[in-house]
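Trainee: below: sequence and its predicted model.
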Amino acid sequence: MNLEQALSELSLVKDKLQLEEFFQKYLGKKWLLNEEFAKMKEASIEEKKTLGWKLSEIKTKLTEEYSKKESEISINEINEQLKQDIVDISVTGKKYKWWHFSLLTKTRKDLETIAENMWFTVDYGHEVVTKYENFVSVNIPLSHPATEMHDTMYINEKDMTWENLILRTHNSSQQVRDMLKMWAPMKLVCPGKDYRFDDMDAHHDVMFHQMEWIYIDKNVSIANFKECMLTLLSAVLGREVELRFRPCYFPFVEPGFEIDARYDIVDAKTWKAEKSDRMEILWAGMMHPNVLKEWWIDPEVYTGFAFGIGISRLAAVRYGIKDIRYFTNWDLRFVKSF
Ligand code: DAH
């Protein structure tokens, strides 16, 4: 066995696999060195001394060179790895923009704070309700067209029973549950999602957010309603909005009103403001005696008002947005611009 040759072979080794092969050849169990040791048996004692000396010198040298090569290879490997996953600690960190709630959530939370400041209790209620809660309890007979398939989303198959489960079509459905809990006097707001099988357009979506406000007490009048509504709208909108009141029919109130808003929409490119179409944002009225009687409240003693606000629409007015579908289609360009 030639030490020079072994060392020159070792110098050509480039990776762990070749190193392993080298080890098997020279230093492993079947090593070439072993063969040399086997030859010693036949040698004379004198020869054994010099041969043994020579062989162990070769072995030490080879093992030494081998381990040098081994650490050299693993250092190279680590360096290669490091080159690939560079972490440059001198680079300044990426600045994350502060997250924010979606405009709908923001508007809902602000409305809740305003309501609580006026001593209203917040109750989110249930999204799956019975037809009784959604319709009958608020004076809408089951034969009313609003209960038809095109408006209402059914959980079970549609039938004419009161217990039939549906997705609530308005937050007024929460009135009866809270009435059972609180009775009169009562100050309650119920924010949350509603579902209607509607055609979608800039002002309509199959899922939308509403907030129901109810105030029942002795001597509650339309003046109280107007004051409450104007306080709330000026607090939440904080921008100039043109309001229009219209008389309107709702089975659970008498009289009933509809309130439309017209506001400025600013064009993102030209910065020119243009007036929006009139959009209904609030529906209201004085509690219908039938509804009060349904809860065993004497309409001669107690009166009240109730109104519902479309949160999605209010948010559109608040932020000057043309189309309420922007709120839920999660276009990041839209989300990031607020
Ligand atoms: N619940 C009605 C709807 O979604 C809105 C509404 C109208 C609520 C009049 C009220 C009210 O409280 O007084 O169509």
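Mentor: All right, it came through fine. Numbers count the residues shown, from 1 in each chain.
Trainee: average model confidence for the strand or helix carrying residue 166?
Mentor: Assigning secondary structure by DSSP states H and E places residue 166 in strand 165-167. Predicted confidence along strand 165-167 averages 90 (mean pLDDT).
Trainee: and the contacts of it?
Mentor: For strand 165-167, the external contacting residues (C-beta atoms under 8 Å, 6 or more residues apart in numbering) are 127-131, 134, 152-156, 194-195. No exception for glycine: its C-beta is placed from N, CA and C like everyone else's.
Trainee: next step: these restricted to helices.
Mentor: 131, 134 (DSSP state H).
Trainee: may I see the buried residues of the strand holding residue 166?
Mentor: Buried residues in strand 165-167, counting neighbours by 16 or more other C-beta atoms under 10 Å, are found at 166-167.
Trainee: which residues touch whatever helix or strand comes next after that strand?
Mentor: Note on strand 165-167: by DSSP H and E, the next helix or strand toward the C-terminus is helix 175-182. Residues outside helix 175-182 that contact it (C-beta under 8 Å, 6+ apart) are 121, 123, 125-126, 132-133, 137-138, 186, 188, 190, 212, 214, 291, 294-295, 297, 306.
Trainee: restrict these to contacts with the ligand.
Mentor: 212, 306 (C-beta under 6 Å from any ligand atom).
Trainee: and the contacts of helix 175-182, which are buried?
Mentor: 123, 125, 132-133, 137-138, 186, 188, 190, 212, 214, 291, 294-295, 297, 306.
Trainee: ok, of these, which one's closest to the ligand?
Mentor: Closest to the ligand out of these is residue 306 (3.4 Å), distances taken as C-beta to the nearest ligand atom.
Trainee: contact residues of the chain facing the ligand?
Mentor: Counting by C-beta under 6 Å from any ligand atom, the chain sits next to the ligand at 170, 172, 212, 250, 253, 256, 283-285, 306-308.
Trainee: just the buried ones from those, in PyMOL syntax?
Mentor: Provided next is the PyMOL selection string for whichever of the residues of the chain next to the ligand are buried by 16+ other C-beta under 10 Å:
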select buried, resi 170+172+212+250+253+256+283+284+285+306+307+308
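Trainee: restricted to helices, list the residues of the chain next to the ligand.
Mentor: Using DSSP H, none of the residues of the chain next to the ligand sit in helices.
Trainee: and the residues of the chain next to the ligand as CSV, adding pLDDT and distance to residue 56?
Mentor: Shown next, in CSV, are the residues of the chain next to the ligand (pLDDT from 0 to 100; distance: C-beta to C-beta, whole Å):
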residue, pLDDT, distance to residue 56
170, 91, 96
172, 90, 99
212, 94, 96
250, 89, 105
253, 92, 107
256, 93, 108
283, 93, 101
284, 94, 104
285, 94, 107
306, 94, 102
307, 93, 101
308, 94, 97
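Trainee: as TSV, the residues of the chain next to the ligand with distance to residue 65 would be great.
Mentor: Shown next, in TSV, are the residues of the chain next to the ligand (distance: C-beta to C-beta, whole Å):
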residue	distance to residue 65
170	86
172	89
212	86
250	95
253	97
256	98
283	90
284	93
285	97
306	92
307	90
308	87
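Trainee: quick one on the thing from earlier: among the contacts of helix 175-182, which ones are in strands?
Mentor: 121, 186, 188, 190, 212, 214, 306 (DSSP state E).
Trainee: and the third one, what does it touch?
Mentor: For residue 188, the contact set (C-beta under 8 Å, 6+ apart) comprises 120-121, 123, 174-175, 178, 182, 212-215.
Trainee: ok, of these, which one's closest to residue 301?
Mentor: residue 215 (15.0 Å; C-beta to C-beta).
Trainee: touching, the closest one and residue 186? I think so.
Mentor: Yes: between residue 215 and residue 186 there is a contact at 7.3 Å, judged by C-beta atoms under 8 Å.
Trainee: what's the overlap in contacts for these two?
Mentor: residue 304.
Trainee: in space, what's closest to the residue of the stretch 51-200 of the chain found nearest the ligand - neighbours in sequence excluded?
Mentor: At 3.2 Å from the ligand, residue 170 is the closest residue in the stretch 51-200 of the chain, using C-beta to the nearest ligand atom. Computed as C-beta to C-beta, 6 or more residues apart in numbering, the closest residue to residue 170 that is not its neighbour in sequence is residue 194, at 5.6 Å.
Trainee: ok, residue 249 next?
Mentor: residue 256 (5.7 Å).
Trainee: wait, the one you found sits on residue 282?
Mentor: No: assessed by C-beta under 8 Å, residue 256 is found out of contact with residue 282, at 11.4 Å.
Trainee: in three-state terms, label residue 209 for me.
Mentor: strand (DSSP: H, G, I helix; E, B strand; the rest coil).
Trainee: check contacts around it.
Mentor: So residue 209 contacts 104, 108, 191-194, 310-312 (C-beta under 8 Å, 6+ apart).
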